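Asker: Any chance you can model this:
(2 chains)
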Amino acid sequence: MSYNLIAEGTLDLVALAHLSTRFEMIEVFPLPLTDADEAIGIAIPRTRANDQAVIELERLLDAIGDGARVYDLHSGDEIAGEADRDALAERIVGG
Amino acid sequence: MIDHALVLQMFTPGEFPIVFTEDAAGAREMIAIVSDHPLAHARRHVRVANPAAYAIAFVNREDKIVIELAHRGDAHATLHVFTDGVGTLAQTRRSMIDFDPQALRWTGATADVVAPDAGVVHVVAHRLDSPQAVERTVRFLRGRAERFAAAQRVIVDTDAQTISPGLRAQLALAVPMPVEWR
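Answerer: Presented below is the predicted three-dimensional model:
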């Protein structure tokens, strides 16, 4: 099982795909497009849920920017600020 | 067809990008994109319109005019930076015509379980207590399914959540694989 997130909104999929190829721990993939938005899925396999994964996730969230909403699919909560990011990192590494 | 000269002639540098599109019959449209994320919305406008050709004119961070241009069949869109009216090819990027994000290069994907008799098994323990939450999981699983060629199914670990029959049906009907609830 992996730890899963989704980002929906205004995304530069070309730039995010390019960035994702540098990642070794987290998995990033495109989700079906709508006329209203773009989306990507983010999966962190349990076997790779480590500090490096958190660093990669931080880089990805920075690149996503404020044009999209990011949701933790396990809790259902939106990851909206630094406190949410910190709590998410704890959940990922803590299992 | 749309070209640099035409776009430059019609583009007045401003705060927001201008999108030029041309359909197969030669009909042209020009709109300004007013948005917090104008360039991304300009590209989305082109993606949805899927024209025969397009150009997006905008001013970059160095205060220079940039024109992104592509015609149907082009391998890539080209981005030209203009200085004193002279354009230089600065970079290429994926064209927004017939744009398919699955065709971009992404990370690999690891199956949760690979079962000899059932192919790839996805295991999710997502919050599924609202139609919006189910919709997000459906979108996630549909994208995830695209990453694997084998037969697939999904196991939903409900983790003692009470998930209504309606929400279960919403998920089961929308994902392209059998669903097992645990």
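
Asker: going forward, measure contacts and count neighbours with C-alpha atoms only.
Answerer: Fine.

Asker: Chain B: helices as residue ranges?
Answerer: Applying DSSP state H to chain B gives helices spanning B:4-10, B:38-49, B:131-145, B:165-174.

Asker: now do chain A
Answerer: Under DSSP H, chain A gives helices at A:13-20, A:51-64, A:82-94.

Asker: Relative to residue B:69, which of those is closest?
Answerer: helix A:13-20 (15.6 Å; Cα to Cα).

Asker: which helices and strands sit right next to that closest one?
Answerer: With contacts defined as 3 or more Cα pairs under 8 Å, 6 or more residues apart in numbering or on different chains; DSSP states H and E, helix A:13-20 has these neighbours: strand A:27-30, helix A:51-64.

Asker: If we ignore the residues flanking it in sequence, what's nearest the residue nearest in space to the middle of chain B?
Answerer: Centroid-nearest residue in chain B: residue B:101, 5.5 Å away (criterion: Cα atoms, centre = their mean). Counting by Cα to Cα, 6 or more residues apart in numbering or on different chains, residue A:30 is the residue found nearest to residue B:101 once chain neighbours are left out, at 6.1 Å.

Asker: Can you tell me which residues in chain B are near chain A?
Answerer: By Cα under 8 Å from any Cα of the partner chain, the residues of chain B that approach chain A are B:37, B:40-41, B:44, B:48, B:93-94, B:101-102, B:104-110, B:112-113, B:122-128, B:133, B:136-137, B:139-140, B:142-144, B:147.

Asker: Which residues are in contact with the nearest residue to residue B:131 once chain neighbours are set aside?
Answerer: Leaving aside its chain neighbours, residue B:131 sits nearest to residue B:167 (6.5 Å; criterion: Cα to Cα, 6+ apart). Applying Cα atoms under 8 Å, 6 or more residues apart in numbering or on different chains, we find residue B:167 in contact with B:128, B:129, B:130, B:131, B:134.

Asker: Then residue B:54?
Answerer: So residue B:54 contacts B:2, B:19, B:20, B:21, B:22, B:46, B:69, B:70, B:71 (Cα under 8 Å, 6+ apart).

Asker: quick one: the residue nearest to the centre of chain B and residue A:13 touch, right?
Answerer: Yes - between residue B:101 and residue A:13 there is a contact at 6.9 Å, judged by Cα atoms under 8 Å.

Asker: Next, show the common contact partners of those two.
Answerer: Joint contacts of residue B:101 and residue A:13 (Cα under 8 Å, 6+ apart) are residue A:30.

Asker: Please name the bridge partners of the spatially most central residue of chain A.
Answerer: Nearest to the geometric centre of chain A sits residue A:42, at 4.5 Å (Cα atoms, centre = their mean). Beta-bridge pairing of residue A:42 under DSSP bridges involves residue A:5, residue A:28.

Asker: okay, the residue lying closest to residue B:89 once chain neighbours are set aside: pLDDT?
Answerer: Of all residues not flanking residue B:89 in the chain, residue B:80 sits nearest, at 4.4 Å (Cα to Cα, 6+ apart). Note on residue B:80: pLDDT of 95.

Asker: again, but for residue B:2
Answerer: 78.

Asker: before we move on, back to that, could you redo the helices and strands packed on helix A:13-20 as a markdown table and give each row mean neighbour count?
Answerer: Shown next, in a markdown table, are the helices and strands packed on helix A:13-20 (neighbours: other Cα atoms under 10 Å in any protein chain shown):
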| stretch | mean neighbour count |
| --- | --- |
| strand A:27-30 | 26 |
| helix A:51-64 | 17 |
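
Asker: Around the nearest residue to residue A:43 once chain neighbours are set aside, how many other residues sit close by?
Answerer: Leaving aside its chain neighbours, residue A:43 sits nearest to residue A:4 (4.6 Å; criterion: Cα to Cα, 6+ apart). Using other Cα atoms under 10 Å in any protein chain shown, residue A:4 has 23 neighbouring residues.
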